[in-house]
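**Q** fold the following for me, if possible:
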Amino acid sequence: MRIRTVLLATKTTLYERFGVNRREPRIQEMIAARNPFVGKVQASHFETVRSRDVVREVLGRAGLRVREARRHARVPDGRYDLVVVVGGDGTVLDFAQNVRSTPMLAVNSSPSSSVGHFCAVNADTFGAALDAIAADRIAPTALTRVRVAIDGADQPKYVLNDVLFAHTMPAATSRYVIEAGGVAEEQKSSGVWVSTAAGSTGAIRSASGTLMDTRDERLQYVVREPYYLFGSGTVYRLLGGFVGQTGISFVSRMVRGGVYLDGRRAYLRAGYSTRVTLTPDAPKLNLVLPRWRR
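**A** As a prediction, the model looks like this:
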């Protein structure tokens, strides 16, 4: 793979966001008092700063044209040969929503505090990985993503990890009609997780979901805390399982329903009678994966 142009996306650390840029008084007090929690945040920050510097240096030595992303904007196909993300899984998910076919390589910026499930390398191994990609010794893996449609209109962001369909207030009951595999039923619950194979190690697994092979192109869903009126004889059939290309749909029976895409930052409204359709036919993300996940 020939690499000439690179889009570099880097994480803004918690320390930068609240301790430096916003000058939060409580955090400043904790820093002055050498609070152990802030000490961990600072350590992760300095580790991330070093990782950024190392990645920039490696890209500079390679003579590549590098543009640094200032915000989470759409990455047009053909503009860059490679997207390099320096951060953790949250940073990868944020930027992946705006990438179409451009290959992506993620660098775990703080291995001491970050899982980095989607990160193939750290700063110290980044240079070797870049050389291997350029020499075609390492190839990206095409990962299934979720296409989201609201009342039939496709949304611009594609989901790599998971979708949560639920009431916007965590303590409120989620009410909806769920449709999957030709079956539809009205339910009450705490919401529904829907994940890709890549996202099956995340929240859905904690909610009793199943770990999936990375190559699996289906979606998995799990209903969170289904609500039954005791003694009513109600039995839900659609509490969890797998769906293929036809996907899964929800018709909201909530005034304040929400669709959360890969976490809390990307959010879509789903008011009363809104139809939300999730299918595994979005353009795949070409991501270089850690060797143990291939």
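
**Q** tell me the contacts of S208?
**A** 222, 240 (CB atoms under 8 Å, 6 or more residues apart in numbering). Any C-beta I mention is one placed from the backbone N, CA and C, and that applies to glycine too.

**Q** for the closest residue to R65 other than its chain neighbours, give me the backbone phi and psi.
**A** Nearest residue to R65 in three dimensions, chain neighbours excluded: T5, at 4.6 Å (CB to CB, 6 or more residues apart in numbering). With angles defined as degrees, to the nearest 10, T5 sits at phi -120, psi 140.

**Q** T5 against Y80, yeah?
**A** Yes. Using CB atoms under 8 Å, T5 is in contact with Y80, at 4.9 Å.

**Q** now for the two: what residues contact both?
**A** Joint contacts of T5 and Y80 (CB under 8 Å, 6+ apart) are R67.

**Q** settle it for me: which of those two has more neighbours?
**A** Higher neighbour count among T5 and Y80: Y80, with 23 against 14, using other CB atoms under 10 Å.

**Q** could I get the contacting residues of the spatially closest residue to G209 that is not a sequence neighbour?
**A** Leaving aside its chain neighbours, G209 sits nearest to V222 (4.9 Å; criterion: CB to CB, 6+ apart). V222 makes contacts with 192-193, 204, 207-209, 239-240, as judged by CB under 8 Å, 6+ apart.

**Q** show me these that map onto helices.
**A** I204 (DSSP state H).

**Q** mind listing what's buried along the one helix or strand D53 maps to?
**A** Using DSSP states H and E, D53 sits in helix 36-61. Going by neighbour count (16 or more other CB atoms under 10 Å), the buried part of helix 36-61 is 38, 41-42, 44-45, 47-49, 51-52, 54-56, 58-59.

**Q** stretch 238-255 now?
**A** Buried, per 16+ other CB under 10 Å, within stretch 238-255: 238-241, 243, 247-254.

**Q** now the end-to-end length of that stretch.
**A** End-to-end distance for stretch 238-255: 23 Å, by CA to CA, to the nearest Å.

**Q** and what of stretch 279-286?
**A** End to end - CA to CA - stretch 279-286 spans 18 Å.

**Q** kindly report the same for stretch 222-240.
**A** Start-to-end, stretch 222-240 (CA to CA) is 4 Å.

**Q** repeat that for stretch 163-181.
**A** 18 Å.

**Q** which residues touch it?
**A** 146, 148, 184-195, 203, 221, 223-224, 227, 238, 241, 243, 246, 248-254, 256-262, 270, 276, 278.

**Q** repeat for stretch 232-252
**A** In contact with stretch 232-252 (CB under 8 Å, 6+ apart) are residues 165, 175-181, 183, 185, 187, 192, 194, 208-209, 217-223, 226, 228, 270-281.
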